[in-house]
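**Q** Just need the structure, nothing else, for what follows:
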Amino acid sequence: MGIFDAFARKKEPERRAKRIAFTAPSARPVEQMSGLLNIPFGDKILRPSPYFDSTIFTLYKFLRDMMPDIGAGVWAWVCLCSTKHWVELLSSTPPPVPPVRPYTPPPAAPAPRAGGGGFGGRADDPPPAPRPAPAPTAAPYRPSREDAAKMAEYQAKLIEYNRQLAEYNAEMAKASQIISELDRRVFPFKHQKDSGMDAVLERFFRSVFTYGAFSAEIVLSRRRNQITKVNFIDPSTIRFKRKEGSFELIPYQVPVGFDASVMSLQSMIDSGQVIELNPNTFYYYGLGADNDNPYGTSLLSSIPFVARIQNKMMGDMQATMHNAGYPRYHIKYTPPKQNIGESNADYRTRVEGNFSTLETEFNEVPPDANFISYDNVTVQVLDAAGKVSIEWYNNHRAVTEQIISGMKLAPFMIGKNYGTTETWGTAQYDLMIRNARMVQRAAKRFAEWIRNLELMLAGSPVRSEHHFNENRVAGEQIEAQARNINVKTTMNLLDEGIISQDQAARELGYVKPFLSGPNEQRLSVKAKYKVLQEVEVDTI
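**A** Numbering: from 1, shown residues only. Here you go, the predicted structure:
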């Protein structure tokens, strides 16, 4: 099947003259086991969990955007996975190896000039010592026919090497240009100005850590020779149907808000209300997917119940504090005694005037000023009598810990510090790094699928590999020391012939060794060093 047939509309299957032989699977699809287990599988539709719905996904998005702890948790996971990444281009053929130049003896040294002459000294200086006789010089090197043939063969190999190297460099440069042009148009939202694969992978991580799934579809040009863009699909609209008699899953897209209790998926397929997606251009990833649930599970699936408790607790705390009130000043003014001969009306006017003046002055006192008055004025601070019996902080902390556990995070990742030891914090961080690498591997395959498909459509034999830089690990110095010890131990085992070169490469974390044979230069240096050590021991 050609490239055009793979990405175009489906055609009637053609008869092949030669079929590929294969071994029939011994296991049976799950729908064929319904008679044994008495489980009604119905129309072989893989039904997701009740929480895999557009309404629940809207709730997940609301919790991520509106609740600080959940938003910080999702953002922490996205940042852990969004490390610096780069692309490596690999050709189907290895780069050419330069030919080895044949050995030619060095040219003979020129004979010393004959003759003496004055030594250039003064007249009263003693004569110079006689010069030694010149050593006989070697005859000039004249290449034999065999050496000339080897040199001609070397020149021919060198010309062929330069030609192959030019083709290899042109092939890699063309592939690099194809990848660069793809990166400028792959992200569908042009207002971000050529965000490229960075923005696509960020959407991937945000969708995975919010909904537990990510789905997308690539859009090809009319000529089927390049990828135009990547369309993001709501994962809640994806349903899978198992192909009859096999383990292959056929993806479908249902309308938003699809309810299987109202109308079955098979009825919608028969009526043409769903879209059958092309598996060659469709991509889906489910976090924690398995055989029974290929849709994945969201990190936030265990959060809504606890989030409701936290919101209720925050509302109750706000109502309680509002009812108790805030501390305020209570100013008491004691009226002075009535003067002798002062009428009651004048006394009343004087007291009320003093009270009004005192009220005005106290209202205009700045927050950092002090109260200065006569001793008939008393200033007190009033607050709620007694203490609140409910310890809001401890209760809120318990609920927050449940949210942190549900998001598979450590407390310090969202700004919480509960006084854990450094060793325990390092262990938690290492576990989180491993979880982030697992999701990064899925993003790596997704990016490689897009780029390699673009290279294949362009007719390039080059393939690409996507790489993420490692997160900074805690205790780098200790890890570096352990790595150094491991390298030295492995190399000693290799030198003693206990393990092979391939085994040594695997012990050090490499797929295969760079050199096909032993490193002769390193072994010769090590042998000379060993001889020098033995000489020093004998001398002592």
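
**Q** May I ask which helix or strand of this structure has the lowest mean pLDDT?
**A** Between all helices and strands in the chain, the lowest mean by mean pLDDT, DSSP states H and E belongs to helix 34-37, at a mean of 38.

**Q** helix or strand right after it?
**A** Next along the chain after helix 34-37, taking DSSP states H and E as the criterion, comes strand 45-46.

**Q** Report the rounded mean pLDDT for that following strand.
**A** Strand 45-46 carries an average pLDDT of 73.

**Q** List the neighbouring strands of it plus their orientation.
**A** When sheet partners are counted by DSSP bridges, strand 45-46 sits next to strand 238-242 (antiparallel).

**Q** Now the helix or strand following the partner strand: buried residues?
**A** Once strand 238-242 ends, the next helix or strand along the chain (criterion: DSSP H and E) is strand 249-253. Of all the residues in strand 249-253, those buried under the rule 16 or more other C-beta atoms under 10 Å are P251, Y252, Q253. Every residue, glycine included, has its C-beta placed from N, CA and C.

**Q** Any idea how many residues pack against the residue nearest to G71 when sequence neighbours are not counted?
**A** Excluding the flanking residues, the one nearest G71 by C-beta to C-beta, 6 or more residues apart in numbering is R64, at 5.5 Å. Applying other C-beta atoms under 10 Å, we find 20 other residues in the vicinity of R64.

**Q** can you tell me the helix or strand for R64?
**A** Counting by DSSP H and E, R64 is part of helix 54-66.

**Q** now the closest residue to L249 other than its chain neighbours: how far from F247?
**A** Leaving aside its sequence neighbours, L249 sits nearest to F240 (C-beta to C-beta, 6+ apart; 4.3 Å). According to C-beta to C-beta, to the nearest Å, F240 and F247 sit 11 Å apart.

**Q** now swap in L300 and tell me
**A** 30 Å.

**Q** So these two - more neighbours on which side?
**A** Neighbours of L300 and F247, each counted by other C-beta under 10 Å, are more numerous for L300; the result is 27 against 12.

**Q** That one contacts W77, correct?
**A** No: counting by C-beta atoms under 8 Å, L300 stays clear of W77, with 11.2 Å between them.

**Q** Let me know the pLDDT of S373.
**A** For S373, the model assigns a pLDDT of 75.

**Q** and if you look at E536?
**A** Looking at E536, its pLDDT stands at 62.

**Q** Over to K18?
**A** Looking at K18, its pLDDT stands at 37.

**Q** cool, and S524?
**A** 70.

**Q** That one: neighbour count?
**A** By other C-beta under 10 Å, neighbour count at S524 equals 10.

**Q** Confirm that K512 sits in a helix.
**A** No: read with DSSP: H, G, I helix; E, B strand; the rest coil, K512 is coil and lies in no helix.

**Q** Which residue is the nearest non-sequential neighbour of it?
**A** Using C-beta to C-beta, 6+ apart and skipping the chain neighbours, the partner closest in space to K512 is A505 (5.7 Å).

**Q** Now for the one you found: which residues touch it?
**A** Shown in contact with A505 (C-beta atoms under 8 Å, 6 or more residues apart in numbering): V511, K512, P513.

**Q** Give me the distance between K157 and T93.
**A** Distance from K157 to T93, counting by C-beta to C-beta: 17 Å.

**Q** out of these two, which sits in the busier spot?
**A** Neighbour count, other C-beta under 10 Å: between K157 and T93, K157 has more, with 16 against 11.

**Q** Would you mind measuring from that one to N492?
**A** Applying C-beta to C-beta, the value for K157 to N492 is 39 Å.

**Q** And A156, by the same measure?
**A** A156 is 44 Å from N492, where distance means C-beta to C-beta.

**Q** ditto for Y347
**A** Y347 is 107 Å from N492, where distance means C-beta to C-beta.

**Q** out of the two, which sits in the more crowded spot?
**A** More crowded of Y347 and N492, by other C-beta under 10 Å: Y347, with 15 against 11.

**Q** Good, we can wrap up now.
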